[in-house]
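**Q** Return a 3D structure for these sequence lines:
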Amino acid sequence: MDNQVRGMRMQLRKTGPAASRSWRRSLVSAAAAVAVGATTAATAATGATAAAPARATSHAKFTIALVPGLTTDPFYITMQNGAEAEAKKLGVNLTWQGGATFSPSTQLPVVNSLLAKHPSALLIAPTDVKALQAPIARFRAAGIPVISVDTTITDTSLLVSRITSNNFQGGEAAAQTIARLAHGKGDVAVINVNPGISTTDARQAGFLAAIKKYPNMKVVATEYDNDSPTTAESQAKNLILAHPDLVGIFGTNLYSAEGAGQGVVASGKKGKVFVAGYDAEPAEVKLLKQGVIDILVVQQPAVEGRDGVLFAYDYLTGHKSAIPKSVLVPNVIATTATASDPSVAKYYYSSTLAK
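**A** Sure, this is the predicted structure:
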């Protein structure tokens, strides 16, 4: 790869992972021009001994495997769409395979079977900070680079890079928005998924830290719903009965927020107990517009997928120094009042895989 392309790549790194797509289009176009016009540049980038066609073929043989937390969630579907678009730009193959539930018991067999296929690189959203470490270590021992997207593992030394939303900041933003709506007074609660998930643990930590800054507010309970909206709804109802001064509930993921919102409505507390949630899946956005959920912390999964593919490509083409060790993608805050604003709505998730 000549100095022009390398210089553009470094400029892209300086602008951050959320840099404009025009930079990326320019980068890919420049790389294509180098491949057509300079045999030596192609050889240096890939180790090929033939001219430009051999370079393109070599990159097409790269297969990047993406293992989501689960395959049916619009968050991960949106991530896959972003990853697929980037893979097509770079001329690499992308596979997508995962479990139907967010659980190590469904994810581990997928990961173990992929190792036998020996992909060029692995992108993975680990469903547990510890349970996925051993299989990821086996990928690294086999010479396969691993990048975490969304969630991660405890031993990050096993990873080339980890890409996630700024989950601590997202929890803080949820707390601050509830406090603003409640005029800085009253009790709040958290409904989380399960302990041991890196993203939701960080969101809870950010929420708890931010609430401490409001002397007239306190956290009265932390519940775990095992990723069940029905359980979250029941928990919300019980919280409202047990705490008459409750003004807010933070649901740390899609199902926690949906269930909490339904529980608030069923208890006749809509507009009095504010619900903050995470993500922007179609059903959740509908509840936001209805005021069942008051606040959504919206992530950018397409960016996470896109950058995961790009970082894997950098690694495979010998540009390891261009890869940041960790990336925090910024969140977008949506409220019932701003739910239909195009500048916010463009970040909502898709429930359909792009063709």
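**Q** going forward, measure contacts and count neighbours with C-alpha atoms only.
**A** OK.
**Q** So for the residue sitting nearest the centre point of the chain, what's the nearest residue that isn't a sequence neighbour?
**A** Using C-alpha atoms, centre = their mean, the residue of the chain that lies closest to the mean C-alpha position is residue 150, 3.5 Å off. The shortest distance from residue 150 to any non-neighbouring residue, by C-alpha to C-alpha, 6 or more residues apart in numbering, is to residue 164 (4.3 Å).
**Q** Okay, the one you found and residue 66: tell me how far apart.
**A** Residue 164 is 15 Å from residue 66, where distance means C-alpha to C-alpha, to the nearest Å.
**Q** between these two, which one's more packed in?
**A** Set side by side, residue 164 and residue 66 show more neighbours around residue 66, with 28 against 24, by other C-alpha atoms under 10 Å.
**Q** Doesn't that one lie inside a helix?
**A** No: Residue 66: not assigned to a helix; according to DSSP: H, G, I helix; E, B strand; the rest coil it is strand.
**Q** That one against residue 87, yeah?
**A** No: between residue 66 and residue 87 there is no contact under C-alpha atoms under 8 Å: 11.2 Å.
**Q** Between these two, which contacts overlap?
**A** residue 94 (C-alpha atoms under 8 Å, 6 or more residues apart in numbering).
**Q** Check the burial of residue 146 by counting its neighbours.
**A** Neighbours of residue 146 under the rule other C-alpha under 10 Å: 24.
**Q** Could you report the pLDDT at it?
**A** Residue-level confidence at residue 146 comes out at 98, pLDDT.
**Q** Relative to residue 81, how far out is residue 355?
**A** Plainly put, residue 355 is 9 Å away from residue 81 if you go by C-alpha to C-alpha.
**Q** Looking at these two, which has the bigger crowd around it?
**A** Ranked by neighbour count (other C-alpha under 10 Å), residue 355 and residue 81 place residue 81 first, with 21 against 6.
**Q** ok but the more buried one is inside a helix, no?
**A** Yes: counting by three-state DSSP, residue 81 is found in a helix.
**Q** Surely it and residue 351 touch.
**A** No: counting by C-alpha under 8 Å, residue 81 stays clear of residue 351, with 10.2 Å between them.
**Q** Tell me where the model's unsure across this structure.
**A** For the chain, the stretches with pLDDT under 70 are 1-60.
**Q** residue boundaries of the helices in it?
**A** Along the chain, the stretches classed as helices by DSSP state H are 3-15, 21-37, 39-46, 52-60, 74-90, 104-117, 133-141, 167-181, 198-211, 229-242, 254-266, 282-290, 301-316, 342-345.
**Q** Compare the ones you listed and give me the one nearest residue 248.
**A** Closest of the helices of the chain to residue 248 is helix 167-181, at 6.3 Å (criterion: C-alpha to C-alpha).
**Q** list the helices and strands the closest one packs on?
**A** Using 3 or more C-alpha pairs under 8 Å, 6 or more residues apart in numbering; DSSP states H and E, the elements in contact with helix 167-181 are helix 198-211, strand 246-251, strand 274-278, strand 295-298.
**Q** circling back to that earlier point, how close does the residue nearest to residue 150 sit to residue 140?
**A** Residue 164 is 21 Å from residue 140, by C-alpha to C-alpha.
**Q** Walk me through the domains of this structure.
**A** 1-59, 167-298 (automatic domain parsing).
**Q** and residue 340, how far is that from residue 288?
**A** On the measure of C-alpha to C-alpha, residue 340 and residue 288 end up 10 Å apart.
**Q** what about the two, which has more around it?
**A** Ranked by neighbour count (other C-alpha under 10 Å), residue 340 and residue 288 place residue 288 first, with 27 against 15.
**Q** For the more buried one, which non-adjacent residue is closest in space?
**A** residue 336 (5.4 Å).
**Q** surely that neighbour meets residue 294?
**A** Yes: counting by C-alpha under 8 Å, residue 294 is a contact partner of residue 336 at 5.4 Å.
**Q** that older thread, now the helices and strands packed on helix 167-181 in CSV, with mean neighbour count and distance to residue 224?
**A** Formatted as CSV, the helices and strands packed on helix 167-181 follow (neighbours: other C-alpha atoms under 10 Å; distance: least, C-alpha to C-alpha, whole Å):
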stretch, mean neighbour count, distance to residue 224
helix 198-211, 21, 11
strand 246-251, 28, 10
strand 274-278, 30, 14
strand 295-298, 27, 19
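**Q** Can you lay out these as TSV showing distance to residue 117?
**A** Formatted as TSV, those follow (distance: least, C-alpha to C-alpha, whole Å):
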stretch	distance to residue 117
helix 198-211	28
strand 246-251	38
strand 274-278	35
strand 295-298	35
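**Q** hang on, the earlier thing: now do the same contact list for the residue nearest to the centre of the chain.
**A** Applying C-alpha under 8 Å, 6+ apart, one finds that residue 150 lies in contact with 125, 162, 163, 164, 165, 199, 301, 304.
**Q** Looking at these, which one is closest to residue 73?
**A** residue 301 (11.3 Å).
**Q** Could you count how many residues lie near that closest one?
**A** Count around residue 301 with other C-alpha under 10 Å applied: 29.
**Q** so it touches residue 76, yeah?
**A** Yes: contact status for residue 301 versus residue 76: in contact at 6.9 Å, counting by C-alpha under 8 Å.
**Q** where do the contact lists of these two overlap?
**A** In terms of C-alpha under 8 Å, 6+ apart, residue 301 and residue 76 are not both contacted by any residue.
**Q** OK, contacts around residue 63?
**A** Going by C-alpha under 8 Å, 6+ apart, residue 63 touches 92, 93, 94, 95, 119, 120, 121.
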